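Asks: With the sequence up front, the predicted model follows.
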Amino acid sequence: MLSPAIVQLHLADLQEGIVELSGTTPPATIRRSVGFLAQLAQLLDIPVTLSAAPRPGGPAVIKEASISAAPVCVRSGPPAWDHAATRQAITAQPRKNLALCGVASEIVVLHTALDAIAAGFEVTVLLDACGGLSPRTEQAAFRQIEAAGGRITGVASFASDLVRDFTTPTGRQVIAALHALIQQPAAEPAQQRSGQTTA
């Protein structure tokens with residue numbers, strides 16, 4: 001069992017125009033998963049940090065990742081760890097389990113995960129809140145993270161590891177949020193979104 005008291009959450013590059021570039025997880029699924037994670041963090045008092053890639057006109061973080069208590073740090077490079085303000089926000093927490101998601105899996109998620117593991121954090125990557133450039137390259141990135149000691153899991157598995165009793169008031173809220181997440185209609189496959197067809 002994973003205790004909420006030792007977990008913090010980092011959301012990376014979940015921005016308008018970037019989420020839509022996912023070639024693996026459909027953007028609608030990423031958005032729903034991130035919205036669920038934001039709700040879970042609020043229910044379980046899990047601190048959240050956000051980092052973003054520089055974009056013309058500002059970071060434009062998706063509304064599902066917009067958390068009033070978590071300011072957005074705009075980075076200059078691929079890993080969140082290279083950005084002093086982001087790294088300090090994460091390392092200032094006494095919580096040594098870092099749950100991580102974002103787009104793209106092969107860039108910000110991979111490099112941030114590897115740097116956090118090297119810094120002594122236990123890292124959990126939440127794959128259905130991540131978007132990769134392609135299935136092959138995303139799987140290669142996930143294998144690198146696992147080889148370094150990180151864990152790859154889904155948001156439902158993560159939530160049910162944090163909350164083992166769904167009969168408590170908080171547990172009932174978490175299971176209701178999980179049911180809402182699961183009951184959402186399936187998003188279109190990436191090929192259909194781009195207008196491509198498969199033979």
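Replies: Perfect, I can see it now. Keep in mind that what you see is a predicted model, and the values were worked out from it rather than measured.

Asks: Any figure for the gap between the nearest residue to residue 156 once chain neighbours are set aside and residue 57?
Replies: Spatial nearest neighbour of residue 156, excluding adjacent residues (CB to CB, 6 or more residues apart in numbering): residue 178 at 6.0 Å. Any C-beta I mention is one placed from the backbone N, CA and C, and that applies to glycine too. Residue 178 is 35 Å from residue 57, where distance means CB to CB, to the nearest Å.

Asks: Between those two, which has more neighbouring residues?
Replies: residue 178 (19 against 6; other CB atoms under 10 Å).

Asks: helix, strand or coil for that one?
Replies: helix (DSSP: H, G, I helix; E, B strand; the rest coil).

Asks: Now do the contacts for the residue nearest to residue 156.
Replies: 36, 156, 159, 160 (CB atoms under 8 Å, 6 or more residues apart in numbering).

Asks: Now render these as CSV, adding distance to residue 10, pLDDT and secondary structure.
Replies: Shown next, in CSV, are the contacts of residue 178 (distance: CB to CB, whole Å; pLDDT from 0 to 100; DSSP: H, G, I helix; E, B strand; the rest coil):
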residue, distance to residue 10, pLDDT, secondary structure
36, 16, 96, helix
156, 19, 95, helix
159, 17, 96, helix
160, 21, 94, helix
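
Asks: Save these as TSV, and put in neighbour count and distance to residue 88 too.
Replies: Shown next, in TSV, are those (neighbours: other CB atoms under 10 Å; distance: CB to CB, whole Å):
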residue	neighbour count	distance to residue 88
36	25	27
156	15	31
159	23	28
160	17	32
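
Asks: right, and out of those, which lies closest to residue 72?
Replies: residue 36 (19.7 Å; CB to CB).
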